[in-house]
Structure formats: C-alpha cells, structure tokens
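>>> my questions concern the predicted model and sequence given below.
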Amino acid sequence: DKDAPEAATKATQSYRYGKGNFQIHYALNKPPAWRGEGLDKVALLHLTPGLDGVSKACNEAVRGMLPEVPTICLGQPHALDPSRCPEGKAIL
C-alpha cells in the first residue's frame, strides 16, 4: 500500500465489478446449419429466449447471481468478411 499513490488506493476501495464474459473461438469445416432462414448472413446472433430473457439474465448478474439462462452472443465474422476464413469454411 505504501508504494502506490494514495489516489490509486482510494480508487480501488470504490471499484465496482461489471458483468463477466468470455470468448471461445472456433474454426469450422463448414458453416453452421441454422434453422432460421438468413441467419447465415448475420454477423452477430443473440441466443436467448427473447428480450425478457436478456433482461432477466442482466438483472440476475447485477444482483451477483449466475444467470439461470444466460444470453449467448455468437459472432460470425465471415458473414461480413468472407476473406476471414477459407472458402466453404466458417469461424465463430
């Protein structure tokens, strides 16, 4: 504590943790076979039961809980830029 500036140590006392996340990167041999038409052209999908599900998951996280049903954001960069992976392949 003595080596850190006083302003920095005071700032740590009021630090608020945010919602956590993590990323997993996949290289796929073929694009995903989505059930919904046109989803192969969307760069960012939100896998959720709906807007109420997103709200519930956020509220649970704010209260320090692990969401019962988390919202999963899934990126498909190749949907915007096919040069990001070999032809016929996909990345998530």
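Good, I have the coordinates.
>>> pLDDT weak spots in the chain?
Filtered on pLDDT under 70, the chain yields the residue ranges 1.
>>> hey, which helix is longest across it?
Ranked by number of residues, the top helix in the chain under DSSP state H is helix 51-62.
>>> for the residue nearest the centre of the chain, what are its contacts?
In the chain, the residue lying closest to the centroid (CA atoms, centre = their mean) is residue 73, at 4.4 Å. Applying CB atoms under 8 Å, 6 or more residues apart in numbering, one finds that residue 73 lies in contact with 44-47. Glycine gets a C-beta too; all of them are placed from N, C-alpha and C.
>>> neighbour-wise, give me the winner out of those.
Highest neighbour count within the contacts of residue 73, by other CB atoms under 10 Å: residue 45, with 17 neighbours.
>>> burial measure for the residue nearest to it when sequence neighbours are not counted, as a count.
Nearest residue to residue 45 in three dimensions, chain neighbours excluded: residue 74, at 4.6 Å (CB to CB, 6 or more residues apart in numbering). Using other CB under 10 Å as the criterion, residue 74 is surrounded by 15 other residues.
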